[in-house]
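> here you go, sequence then predicted model.
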Amino acid sequence: MRRYTEQHAKSGTAVALPEIECWENQFPGYEIEIIIPEYTAICPKTGLPDFGTIRVHYVPDQWCIELKSLKEYVTAYRNVGIFYENAVNRILRDLVKACKPLSMRVRGEFTPRGGIQSHVEARYTRSRRKKSNS
């Protein structure tokens, strides 16, 4: 019998979280790195707390992430049952939707549990449209 269910696997991926606000970028061609050393969530299987650092690295286009709203968004995870992998991918999805960057990378570096440490990284690069020759 499988010990992890589909409910465990999907846990936290659709929970309502605070909105991520953005502000208009004034300069092209630079990179931003945001380090959030106080990430916490709940393991959906055991109910035990998970801790880690989330690193967001992105190249903005028209919008930059407003940091207070990002802190509120990440802090809301403390009551969410979600696996590391889902959290990193959800954070990437939500941030890309909010600020529409040229590229973004989200990396979770999680505190060891049972002698095992996990790092999870998800990436986004905006696809470039080909210009027509008409």
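Great, that's in hand. What you see is a predicted model, and the numbers here were worked out from it, not measured in a lab.

> what's the model's confidence in the longest helix belonging to the chain, averaged?
As assigned by DSSP state H, the longest helix anywhere in the chain is helix 84-99. Here helix 84-99 scores 98 as its mean pLDDT.

> do the same with stretch 67-74
Stretch 67-74 comes out with an average pLDDT of 98.

> which residues are contacting that stretch?
17-21, 34, 36, 38-39, 54, 56, 91, 94-95 (CB atoms under 8 Å, 6 or more residues apart in numbering). Glycine gets a C-beta too; all of them are placed from N, C-alpha and C.

> if we can go back for a sec, list the buried residues in the longest helix of the chain.
If you call a residue buried by 16 or more other CB atoms under 10 Å, then helix 84-99 has these buried ones: 84, 86-92, 94-96, 98-99.

> and after it, which helix or strand comes next?
Next along the chain after helix 84-99, taking DSSP states H and E as the criterion, comes strand 103-110.

> now the angle between helix 84-99 and that next one, please.
150 degrees (axes from the mean of the first three to the mean of the last three CA atoms, to 10 degrees).

> on contacts alone, who are the packing partners of strand 103-110?
For strand 103-110, the packing partners by 3 or more CB pairs under 8 Å, 6 or more residues apart in numbering; DSSP states H and E come out as strand 49-59, helix 84-99, strand 119-125.

> of these, which approaches residue 66 most closely?
Among these, the nearest to residue 66 by CB to CB is helix 84-99 (9.1 Å).
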